[in-house]
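Chemist: Pasting a predicted model and its sequence here:
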Amino acid sequence: RVLAQTTYYFWSYFRVTDAEKDVKEVNFSVPTGNFGDVLAGYYSKRMGLPVGDLIVATNENDILHRFFTQGEYHREDIQATISPSMDICVSSNFER
């Protein structure tokens, strides 16, 4: 699945650089709960796609944000939001 998601980044990069000839590197802002999609962006960058920054957006269900900023990885109750794909309390992609 993550490999298939790399196509989003390549397609987007080529669309931007076709429209804007002076752009050499593209930044991406990715709403995520599990980090799978942004992991695909990281793999795209490692494969040589000229990606600048990968910016991750999260909501109240921020288990991975808490891990990276505070070193805490523990389950909390899910807070229902308008973005259910980001409403997780355990990241299934954490090991990657």
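Modeler: Everything's here; your move.
Chemist: Strands of the protein, start to end?
Modeler: When secondary structure is read from DSSP state E, the chain shows strands at 26-31, 51-57.
Chemist: in the longest one, what counts as buried?
Modeler: The neighbour-count check on strand 51-57 (16 or more other CB atoms under 10 Å) flags 51, 54, 56 as buried. C-beta coordinates here come from the backbone N, C-alpha and C atoms, glycine included.
Chemist: same deal with the first one?
Modeler: Neighbour-count burial for strand 26-31, counted by 16+ other CB under 10 Å, picks out 26, 28, 30.
Chemist: cool, stretch 81-88 as well?
Modeler: For stretch 81-88, the buried set under the neighbour-count rule, 16+ other CB under 10 Å, comprises 86, 88.
Chemist: And stretch 8-20, by the same measure?
Modeler: Neighbour-count burial for stretch 8-20, counted by 16+ other CB under 10 Å, picks out 9, 12-13.
Chemist: Show me which of those residues is closest to residue 36.
Modeler: Nearest to residue 36, judged by CB to CB, of the buried residues of stretch 8-20 is residue 9 at 12.8 Å.
Chemist: check contacts around the closest residue to the closest one other than its chain neighbours.
Modeler: The spatial neighbour of residue 9 that comes closest, neighbours along the chain excluded (CB to CB, 6 or more residues apart in numbering), is residue 44 at 4.0 Å. If you count contacts by CB atoms under 8 Å, 6 or more residues apart in numbering, residue 44 has them with 6, 9-10, 51.
Chemist: re earlier: please identify which of the buried residues of stretch 8-20 is nearest to residue 87.
Modeler: Minimum separation from residue 87 among the buried residues of stretch 8-20 (CB to CB) is found for residue 9, which lies at 24.3 Å.
Chemist: Contacts only, for the closest one.
Modeler: Here residue 9 is in contact with 28, 40-41, 44, 49, 51 (CB under 8 Å, 6+ apart).
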